[in-house]
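> got a structure for you, letters missing:
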């Protein structure tokens, strides 16, 4: 099973319950990393009977548990040629028996408290007050901390992400619990984004956001800069900038500084907080928080019409969906009349797929500034040609599973290939309402942090999540 845990999950407050063999022996726990890939077979004869056949099938690939080079764990019993080792996978403790030859052994296990105490400064040598620079202003960012936590390295075939977490107060506006985040650009420009929970969550069983006064706003930024499989908002795959769907991974959190030419983009975005990146030395049982370093990179590059035309034709153009720039097709065109429902729809004006999916009240009208081609105003914003599909086929290509939008038969949570033509939800309601256990953040295991939105003034320029129709 793939390693998908964060590196902070190897920094333990205490040891878990372990299947130790009976007997009187020195019970040292040591940090280890694998020095090669290994396929663990818990049915092998050299596995103690108490540990044979205990591995859940969901973790096995062809009957073996895949383990990967540099994957970290802890050895809790050492024999002559083998060691009992546990790993953390999917927040679960997985115990194994491995040859000593595949292990690189480090120092003895140290708890979170022990690792933290070694970072504390030495006692002061003098109690005489020291004068600070009077010109040094109090840095508000020092109080507002956002943690940046990479994932454990292992299976190279698995997409990894970096977790950003900041403590925020929870509020209720109407029936929706929400939290806010200020985003600053150049000059005095700033915006407040409100992240809200679905109203239906208030009727679900178990713990609810409204039960708490604070929580953690968490971003999972994909390390390959491709869309997250469950992004906060799905972004069209073809848009006005090259790799437009990269916006689904909230990559602005990486402390980017854009170089010229920047166009309309600010040089840098800020969340008015200091970002600290967690680094660990597992074999030596040490960790530290380092300031997130900035990195320069080119600003998003405007996409060209020709490139986007070829992208649209390659990704969406079929015998069912036509990429057309010569003019709006006639409502009686053969490819638009595939069922009786299509014939009834032919009595109304033909809409391109993008305008049809965006909303019922969107008018599909030509962008007059484009004189050499026919493209509607919506698709012109995306700098791409229009596509046209019959109504019956578009319902399949977008998705028509309930719940549906009011006054039209399209799914609120699309699942078909045409979902990449528009902004959309990436999770259905059941997925959004799923409540799962989250481990206590590393910083909160040591102390109770202050609310990060304490003292921030109310903002008028609130950008809230909108409900389509």
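Okay, I see it. This one's a predicted model, so the numbers in the text were calculated from it and none came from an experiment.
> the stretch 51-200 of the chain: strands as residue ranges?
With DSSP state E, counting those that start in this stretch, the ranges of strands along the stretch 51-200 of the chain come out as 65-67, 72-78, 82-89, 92-99, 103-108, 145-149, 161-169, 171-173, 176-184, 190-196.
> same check on the stretch 251-400 of the chain?
Taking DSSP E, counting those that start in this stretch as the test, the strands found in the stretch 251-400 of the chain are 256-259, 274-281, 286-291, 295-298, 321-324, 386-389.
> buried set for the second one?
In other words, strand 274-281. 274, 275, 276, 277, 278, 280 (16 or more other C-beta atoms under 10 Å). (Each C-beta comes from the backbone N, C-alpha and C, glycine too.)
> ok, so of those residues, who is nearest residue 41?
If you rank the buried residues of strand 274-281 by distance to residue 41 using C-beta to C-beta, residue 280 comes first, at 29.5 Å.
> next up, the contacts around that closest one.
Counting by C-beta atoms under 8 Å, 6 or more residues apart in numbering, residue 280 touches 7, 8, 10, 11, 286, 287.
> recalculate using a threshold of 6 Å.
For residue 280, the set of contacting residues under the criterion of C-beta atoms under 6 Å, 6 or more residues apart in numbering consists of 7, 287.
> distance of residue 61 from residue 45?
When C-beta to C-beta, to the nearest Å is applied, the distance between residue 61 and residue 45 equals 21 Å.
> I should have written residue 403 there, sorry.
To residue 45, residue 403 is 55 Å away according to C-beta to C-beta.
> tell me which of these two has more neighbours.
The neighbour comparison of residue 403 against residue 45 (other C-beta atoms under 10 Å) goes to residue 403, with 10 against 6.
> who's in contact with the more buried one?
Taking C-beta under 6 Å, 6+ apart, we find residue 403 in contact with residue 412.
> same question, residue 218
residue 165.
> host element of it?
Using DSSP states H and E, residue 218 sits in strand 214-222.
> and that strand, what's buried?
By neighbour count, and taking 16+ other C-beta under 10 Å as the criterion, the buried residues in strand 214-222 are 217, 219, 220, 221, 222.
> hmm, residue 164 and the second one touching each other?
Yes - with the criterion set as C-beta atoms under 6 Å, residue 219 and residue 164 qualify as a contacting pair; they are 4.3 Å apart.
> as JSON lines, the strands of the stretch 51-200 of the chain with mean pLDDT, mean neighbour count and distance to residue 38 would be great.
Formatted as JSON lines, the entries for the strands of the stretch 51-200 of the chain read as follows, by pLDDT from 0 to 100; neighbours: other C-beta atoms under 10 Å; distance: least, C-beta to C-beta, whole Å:
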{"stretch": "strand 65-67", "mean pLDDT": "94", "mean neighbour count": "21", "distance to residue 38": "5"}
{"stretch": "strand 72-78", "mean pLDDT": "95", "mean neighbour count": "22", "distance to residue 38": "11"}
{"stretch": "strand 82-89", "mean pLDDT": "94", "mean neighbour count": "21", "distance to residue 38": "10"}
{"stretch": "strand 92-99", "mean pLDDT": "94", "mean neighbour count": "17", "distance to residue 38": "7"}
{"stretch": "strand 103-108", "mean pLDDT": "97", "mean neighbour count": "15", "distance to residue 38": "10"}
{"stretch": "strand 145-149", "mean pLDDT": "89", "mean neighbour count": "21", "distance to residue 38": "26"}
{"stretch": "strand 161-169", "mean pLDDT": "88", "mean neighbour count": "19", "distance to residue 38": "25"}
{"stretch": "strand 171-173", "mean pLDDT": "75", "mean neighbour count": "13", "distance to residue 38": "49"}
{"stretch": "strand 176-184", "mean pLDDT": "74", "mean neighbour count": "19", "distance to residue 38": "42"}
{"stretch": "strand 190-196", "mean pLDDT": "77", "mean neighbour count": "15", "distance to residue 38": "41"}
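> among those strands, which is nearest residue 27?
With respect to residue 27, and counting by C-beta to C-beta, the nearest of the strands of the stretch 51-200 of the chain is strand 72-78 at 7.5 Å.
> direction included, what does the closest one pair against?
strand 30-34 (antiparallel), strand 82-89 (antiparallel) (DSSP bridges).
> closest to residue 108 out of the ones you listed?
Of all the strands paired with strand 72-78, strand 30-34 sits nearest to residue 108, with 5.6 Å by C-beta to C-beta.
> what's in contact with the helix or strand following the closest one?
Scanning the chain past strand 30-34 towards its C-terminal end, the next helix or strand to appear is strand 38-40 (assignment: DSSP H and E). With contacts defined as C-beta under 6 Å, 6+ apart, strand 38-40 is touched by 64, 65, 66, 67, 96, 102.
> mind running it again at 8 Å?
Taking C-beta under 8 Å, 6+ apart as the criterion, the residues outside strand 38-40 that touch it are 55, 61, 64, 65, 66, 67, 68, 96, 98, 102.
> state the pLDDT value of the closest residue to the fourth one other than its chain neighbours.
By the measure of C-beta to C-beta, 6 or more residues apart in numbering, the closest residue to residue 65 outside its immediate chain neighbours is residue 40, 4.2 Å from it. The score at residue 40 is 96. That number is its pLDDT.
> if I look at residue 40, how far off is residue 144?
In this structure, residue 40 and residue 144 are separated by 43 Å, where distance is defined by C-beta to C-beta.
> so between these two, which is more surrounded?
residue 144 (23 against 20).
> just to check, that one is in contact with residue 273?
Yes - when contacts are counted by C-beta atoms under 8 Å, residue 144 is listed as touching residue 273 (3.5 Å).
> mind listing the helices for the stretch 251-400 of the chain?
305-316, 340-345, 353-358, 377-381, 391-398 (DSSP state H, counting those that start in this stretch).
> most packed of those helices?
Sort the helices of the stretch 251-400 of the chain by mean neighbour count, taking mean count of other C-beta atoms under 10 Å, and helix 353-358 sits at the top with a mean of 22.
> what does it contact?
Counting contacts by C-beta under 8 Å, 6+ apart, the residues outside helix 353-358 that touch it are 316, 321, 362-364, 376, 378-379, 382, 386-389, 394, 398, 410, 414, 418, 421-423.
> what's the answer for stretch 225-245, then?
The list of residues contacting stretch 225-245 from outside it, by C-beta under 8 Å, 6+ apart, reads 159, 161, 195, 220-222, 246-251, 300-303, 307-308, 311-312, 315, 381-384, 419-427, 431.
> same question for stretch 368-376.
324-328, 352, 354-355, 364-367, 380, 384-386.
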